[in-house]
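Trainee: No letters, just coordinates:
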């Protein structure tokens with residue numbers, strides 16, 4: 001029975017508790033079925049408009065296929081359709097009765113590592129696809145390791161194309177054993193495995209009689225159970241100020257506007273203003289122009305303070321005890337995005353939360369070998385898709401945490417000051 005049919009049969013399921021938005025990335029080797037999986041999620045969750053579905057049906061017929069080619073729902077670039085691969089990161093949105101999702105389909109090729117980094121850096125979870133016929137491939141291991149390096153804590157391994165191996169339980173068990181053994185030395189413990197067929201929809205959104213030996217949850221059910229936002233709300237407050245609203249008809253006092261990256265705040269909460277170090281107390285919270293009793297990580301709000309302080313864009317309101325580090329020297333992992341090599345004399349801008357400062361790279365300490373997943377000395381230039389450990393010097397301080405502790409305040413981007421191109425993403429160590 002379809003998901004819609006179950007809702008019609010069971011009205012209690014139509015209005016479950018709403019669990020917010022989950023961002024997840026799909027990754028794996030080429031032709032593991034990432035785009036098809038996303039197409040299946042969109043189709044079975046009723047996120048496809050009739051005209052979109054008709055266009056995909058026509059394109060599938062032109063390709064000579066007997067079945068609907070669901071990958072066309074995400075492989076939007078003409079170059080991707082011609083090559084049959086995903087090059088760019090394709091973002092799509094869908095919802096179930098329980099929560100909303102933002103999905104990112106990552107390229108499978110090694111030369112598009114930067115796209116994987118871009119998508120994974122903002123994801124709460126990763127769905128790693130494995131072709132049941134091919135088993136674990138080098139790119140599967142690399143994507144799992146990179147996603148772990150980027151701070152993702154929840155991993156779902158979807159063993160796809162089970163229909164092509166006769167839904168053999170032993171194939172699924174072998175993939176689970178091999179990838180679990182690889183993940184153990186990397187301290188990746190939160191791995192969950194599910195056998196699926198994205199083409200036929202087995203255990204993606206709906207259950208299937210084709211896998212009678214599998215008694216676990218479907219992929220969508222596993223995604224619905226992830227609660228990363230609760231972890232962010234439990235961290236110390238980090239509120240980068242984006243705009244300052246002046247007193248006027250809509251506001252009785254000066255307000256500081258932005259998005260809470262982590263932690264929570266309520267009227268009466270004490271906060272520390274950075275870089276001045278002064279403390280004050282939150283008097284009012286406005287969310288969408290209306291008063292709010294509390295604001296948590298992910299909320300876009302306006303905070304009003306008891307005291308008149310010198311606060312501007314790029315400053316931060318933080319937990320008064322567990323403050324971030326104020327520093328003009330940063331050690332970080334850099335993933336290089338530009339076709340132009342990194343220059344030790346280059347003029348770069350470092351954008352961190354809402355603050356932008358000038359930066360220069362002072363040292364290259366090691367290169368991350370994405371094949372052996374180790375560190376090696378930096379020899380030659382730092383080129384497109386390279387990941388290196390680097391030291392940077394800043395002309396003004398930033399207020400940061402280690403990336404492993406807080407992904408928002410622990411990350412930044414580098415911009416070439418001359419071309420205004422984003423050349424790297426950084427993870428503060």
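Mentor: Perfect, I can see it now. What you see is a predicted model, and the numbers here were worked out from it, not measured in a lab.
Trainee: Report the secondary structure state of residue 36.
Mentor: Under DSSP: H, G, I helix; E, B strand; the rest coil, residue 36 falls in the helix class.
Trainee: burial count for it?
Mentor: Each residue near residue 36 was counted by other Cβ atoms under 10 Å, and the total is 26. Every C-beta, even on glycine, is put in place using the N, C-alpha and C of the backbone.
Trainee: how close does it get to residue 26?
Mentor: Applying Cβ to Cβ, to the nearest Å, the value for residue 36 to residue 26 is 10 Å.
Trainee: nearest spatial neighbour of residue 131, skipping sequence neighbours?
Mentor: residue 32 (4.8 Å; Cβ to Cβ, 6 or more residues apart in numbering).
Trainee: quick one, what contacts the one you found?
Mentor: By Cβ atoms under 8 Å, 6 or more residues apart in numbering, residue 32 lies in contact with 108, 129-131, 134, 140, 160.
Trainee: measure stretch 363-382 end to end?
Mentor: With Cα to Cα, to the nearest Å as the measure, the first residue of stretch 363-382 is 12 Å from its last.
Trainee: just stretch 397-409 next, same as before
Mentor: 13 Å.
Trainee: And residue 44, what's its pLDDT?
Mentor: Looking at residue 44, its pLDDT reads 80.
Trainee: which ones are touching residue 165?
Mentor: Residue 165 neighbours (Cβ under 8 Å, 6+ apart): 132-133, 171.
Trainee: give me that answer again for 10 Å
Mentor: 131-133, 159, 171-172, 195 (Cβ atoms under 10 Å, 6 or more residues apart in numbering).
Trainee: got it, and residue 152?
Mentor: By Cβ under 10 Å, 6+ apart, the neighbours of residue 152 are 24-25, 27, 120-121, 123-126, 144, 146, 188, 190, 228, 407.
Trainee: contacting residues for the nearest residue to residue 151 once chain neighbours are set aside?
Mentor: The spatially closest residue to residue 151, leaving aside those adjacent along the chain, is residue 407, at 5.0 Å (Cβ to Cβ, 6+ apart). For residue 407, the contacting residues are 121-124, 150-152, 232, 235, 261-262, 401, 427-428, by Cβ under 10 Å, 6+ apart.
Trainee: I'd like to know which of those are part of helices.
Mentor: Counting by DSSP state H, the part of the contacts of residue 407 found in helices is residue 232.
Trainee: To what extent is residue 398 buried, counted in neighbours?
Mentor: By other Cβ under 10 Å, 26 other residues sit near residue 398.
Trainee: Return the residues in contact with it.
Mentor: By Cβ under 10 Å, 6+ apart, the residues touching residue 398 are 274-275, 314, 316, 324-328, 330, 350-353, 355-357, 359, 409, 412, 428.
Trainee: Could you list everything it pairs with in the sheet?
Mentor: residue 327 (DSSP bridges).
Trainee: State the distance from the residue nearest to residue 347 when sequence neighbours are not counted to residue 346.
Mentor: Among residues not flanking residue 347 along the chain, residue 417 sits closest, at 4.1 Å (Cβ to Cβ, 6+ apart). The spacing between residue 417 and residue 346, counted by Cβ to Cβ, is 8 Å.
Trainee: mind giving me the domain split of the chain?
Mentor: Residue ranges for the domains of the chain, per automatic domain parsing: 3-226, 233-318, 325-428.
Trainee: gap between the two ends of the last one?
Mentor: Looking back up the chat, that one is domain 325-428. Distance between the two ends of domain 325-428: 11 Å, counting by Cα to Cα.
Trainee: next one: it to chain centre, how far?
Mentor: Mean-position distance between domain 325-428 and its chain equals 19 Å (Cα atoms, centre = their mean, to the nearest Å).
Trainee: ok, now the shortest one?
Mentor: Relative to the centre of its chain, domain 233-318 is centred 25 Å away, using Cα atoms, centre = their mean.
Trainee: What mean pLDDT does that domain get?
Mentor: 91.
Trainee: how about the spatially most central residue of the chain, what does it touch?
Mentor: Centrality entry for the chain: nearest residue to the mean C-alpha point is residue 123, 1.5 Å, by Cα atoms, centre = their mean. For residue 123, the contacting residues are 22-27, 102-104, 106, 147, 150-152, 154, 228, 407, by Cβ under 10 Å, 6+ apart.
Trainee: Quick check: nearest residue in space to it, chain neighbours excluded?
Mentor: Per Cβ to Cβ, 6+ apart, closest to residue 123 is residue 25, 4.2 Å.
Trainee: can you count the residues close to that neighbour?
Mentor: The number of residues packed near residue 25 is 28, by other Cβ under 10 Å.
Trainee: in the host helix or strand of it, what counts as buried?
Mentor: In the assignment (DSSP states H and E), residue 25 maps to strand 21-28. Across strand 21-28, burial judged by 16 or more other Cβ atoms under 10 Å covers 22-28.
Trainee: Could you dump the residues you listed into a markdown table and include distance to residue 378?
Mentor: What follows is those, written out as a markdown table (distance: Cβ to Cβ, whole Å):
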| residue | distance to residue 378 |
| --- | --- |
| 22 | 37 |
| 23 | 32 |
| 24 | 33 |
| 25 | 28 |
| 26 | 31 |
| 27 | 26 |
| 28 | 29 |
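Trainee: What is the nearest of these to residue 96?
Mentor: Nearest to residue 96 among these, counting by Cβ to Cβ, is residue 22 at 10.3 Å.
Trainee: Could you point out the bridge partners of that closest one in the sheet?
Mentor: residue 101.
Trainee: Would you enumerate the residues in contact with residue 188?
Mentor: With Cβ under 10 Å, 6+ apart, residue 188 has these contacts: 144-145, 147-148, 152-153, 155, 179-180, 182.
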